[in-house]
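sequence and predicted structure, then a few things I'm wondering about:
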Amino acid sequence: MRAIPLTVTAVAAALALTACNGSGSGSSGKNSSACQIGKVSVQVGSASVAPAAGDTGEVPVSLTNQSAPCTLDGFAGVTLKAGGTAAAVAAQSGAKSDKLTLAKGDSATFSISYVRGKDGDQASLAATSLTVSLPGSDATESFPWKYGAVAGKGAADKPNAAVGAFQQAGD
């Protein structure tokens with residue numbers, strides 16, 4: 001068996017490590033091609049509101065790219081807030097996110113499903129606002145939450161809600 005010279009092995013390892021970082025990340029660790037709030041308009045649409053405690057509702061969120069092409073790779077970050085409590089909403093169990101590229105004017109949507117909580121119940125989050133962030137970016141935008149209390153999974157800071165995957169909108 002023939003030994004490979006150490007310098008060839010070291011150069012090959014360095015090239016392999018360099019090739020692994022194809023994310024377009026800058027020094028901040030954020031993806032420079034990621035869609036960003038401010039360059040993408042975000043709108044919370046008309047919801048299918050859960051009418052009573054225990055019912056399920058769905059809140060659609062639409063994005064429209066206003067700038068250069070960008071990517072959505074992962075799930076939106078969603079936080080529900082009530083007073084001093086902020087509760088992160090997890091991605092929908094079993095949902096798979098596909099990487100989407102949005103050209104200027106292109107749109108995408110995702111939805112937030114939730115279980116309506118009982119008003120005044122300690123295990124429900126009396127949410128008053130919804131904060132959205134996009135994958136690969138720290139920027140956020142807040143919107144009023146007008147859909148009633150959200151049931152908690154044992155506690156108000158663990159909302160019984162989920163974020164769905166991004167879907168391309170339009171043709």
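Structure's in. What do you need?

rest of the way, CA atoms for contacts and neighbours
Will do.

stretch 133-141: how far from the chain's middle?
Centroid separation for stretch 133-141 versus its chain: 8 Å, with Cα atoms, centre = their mean, to the nearest Å.

in that stretch, which residues are buried?
Ser133, Leu134, Pro135, Gly136, Ser137 (16 or more other Cα atoms under 10 Å).

the first one and Gly74 touch, don't they?
Translated: Ser133. No. With contact defined as Cα atoms under 8 Å, Ser133 does not count as touching Gly74 (11.2 Å).

looking at the buried residues of stretch 133-141, which one is closest to Gln122?
Nearest to Gln122 among those is Ser133, at 27.3 Å by Cα to Cα.

so who does the closest one touch?
Ile37, Ala76, Gly77, Val78, Ala139, Thr140, Glu141 (Cα atoms under 8 Å, 6 or more residues apart in numbering).

most widely separated two among these?
Longest span within these, Cα to Cα: Ile37 and Val78, 13.2 Å.

looking at the two, which has the bigger crowd around it?
Set side by side, Ile37 and Val78 show more neighbours around Val78, with 23 against 19, by other Cα atoms under 10 Å.

where does that one land in three-state SS?
For Val78, the assignment made with DSSP: H, G, I helix; E, B strand; the rest coil gives strand.

for the most centrally placed residue in the chain, give me its contacts.
Nearest residue to the geometric centre of the chain (Cα atoms, centre = their mean): Ala76, 0.9 Å. Neighbouring residues of Ala76 by Cα under 8 Å, 6+ apart: Val132, Ser133, Leu134, Pro135, Val163, Ala165, Phe166.
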